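[1] Requesting a structural model of the entry that follows:
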Amino acid sequence: MRTTPDQLRAMKQRGERIPMLTAYDYSMASILDAAGVPILLVGDTLGMVVLGYDSTLPVTLEDIIRHSQAVVRGTKNAMVVADLPFLTFQVSREETMRNAGRVMKEAGVQAVKLEGGRRVAETVHALVEAGIPVMGHLGLTPQSVNVTGGFKVQGKTEAAARTLLEDAKLLEQAGVFSIVLELVPTELAALITERVSVPTIGIGAGPRCDGEVQVIQDILGLFPDFAPRHTRRYAEVGKAIHDAVVAYVADVRSRAFPTAKQSTSMDAAIIDRLRSQQ
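    This is a model prediction of the structure:
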């Protein structure tokens with residue numbers, strides 16, 4: 001049984017923290033699912049950490065669908081949430097409905113996530129009414145990075161903080177089952193968490209949200225030369241992969257691998273007959 005929105009709300013009511021991680025492929029998703037992560041996000045961050053773009057903007061709906069299909073196939077228990085990428089929900093409500101419906105039907109995810117507050121509230125309501133669970137996203141919204149002036153903390157002024165509070169309430173009223181708060185001051189994230197009945201999932205928003213989401217590559221150290229301030233390294237997998245590959249290359253070049261242990265033999269007589277034939 002996969003995690004449901006009702007279970008997440010119950011976790012908030014019990015004061016039980018909600019861990020969430022990104023996943024973009026079958027093998028990683030299966031590991032995270034077996035480890036007990038209740039929510040996996042197929043984020044448009046795949047554009048940067050998997051596809052090598054310098055922002056999330058080039059990610060297409062087809063990218064999200066393909067990666068979401070893999071994550072769904074690799075999981076049994078986690079709720080899988082898929083991002084709606086740039087310009088798949090901003091053009092019209094009708095187009096948003098078609099795009100979100102495609103992700104739900106073709107990828108088999110349990111929910112979609114989209115960025116924004118007041119400007120998307122009516123669209124969120126329409127999606128929820130159509131039976132599509134929606135996760136909201138406030139604070140730093142990477143798809144709007146060219147408007148917000150870069151990857152920086154949002155809501156530090158009174159006016160900006162008030163807007164975020166209002167947006168959170170509007171999303172709650174529109175029917176979201178949870179809200180991601182990205183790069184928001186700790187105190188503001190705590191206030192939003194108090195004011196809304198749905199779980200808040202922080203990233204760079206301090207310890208007082210109902211849960212936390214991180215990019216899996218960040219916590220595993222898969223980018224050894226870069227670590228965002230809001231993350232914590234739980235392993236140095238990038239270094240481990242590098243060292244393993246260096247050892248593999250050296251063994252292949254020195255003929256230390258493969259050996260008889262990794263090989264298969266056949267009847268010598270057959271080989272002798274083949275050799276004798278011209």
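
[2] wait, Val72 sits on Ala111?
    No: under the criterion of CB atoms under 8 Å, Val72 makes no contact with Ala111, lying 11.8 Å away. Quick note: C-beta positions are derived from backbone N, CA and C, even for glycine.

[3] Which residues are in contact with each of the two?
    Jointly contacting Val72 and Ala111 under the rule CB atoms under 8 Å, 6 or more residues apart in numbering are Val80.

[4] any idea which helix or strand comes after the helix or strand of the chain with the lowest mean pLDDT?
    Least confident element among the helices and strands of the chain, by mean pLDDT, DSSP states H and E: helix 145-148 (a mean of 60). Once the chain leaves helix 145-148, the next helix or strand it forms, by DSSP states H and E, is helix 158-174.

[5] which other residues reach that following helix?
    So helix 158-174 is contacted by 116-118, 121-122, 124-125, 128, 134, 136, 138-139, 154-155, 179, 184-185, 188, 191-192, 195-198, 200 (CB under 8 Å, 6+ apart).

[6] Sheet partners, orientation included, of whatever helix or strand comes next after that helix?
    Scanning forward in sequence from helix 158-174 by DSSP H and E, the next helix or strand is strand 178-182. Neighbouring strands of strand 178-182 in its sheet, by DSSP bridges, are strand 134-139 (parallel), strand 200-203 (parallel).

[7] Tell me which helix or strand comes right after the shortest one.
    Following strand 200-203 in sequence order, the next helix or strand is strand 211-214 (DSSP H and E).

[8] What is whichever helix or strand comes after that following strand packed up against?
    With elements assigned by DSSP H and E, the helix or strand that comes after strand 211-214 is helix 216-219. In this structure, helix 216-219 makes packing contacts with strand 18-22, judged by 3 or more CB pairs under 8 Å, 6 or more residues apart in numbering; DSSP states H and E.

[9] Which strands or helices does the strand it packs on pack on?
    Against strand 18-22 (3+ CB pairs under 8 Å, 6+ apart) you get helix 5-14, strand 39-42, strand 211-214, helix 216-219.
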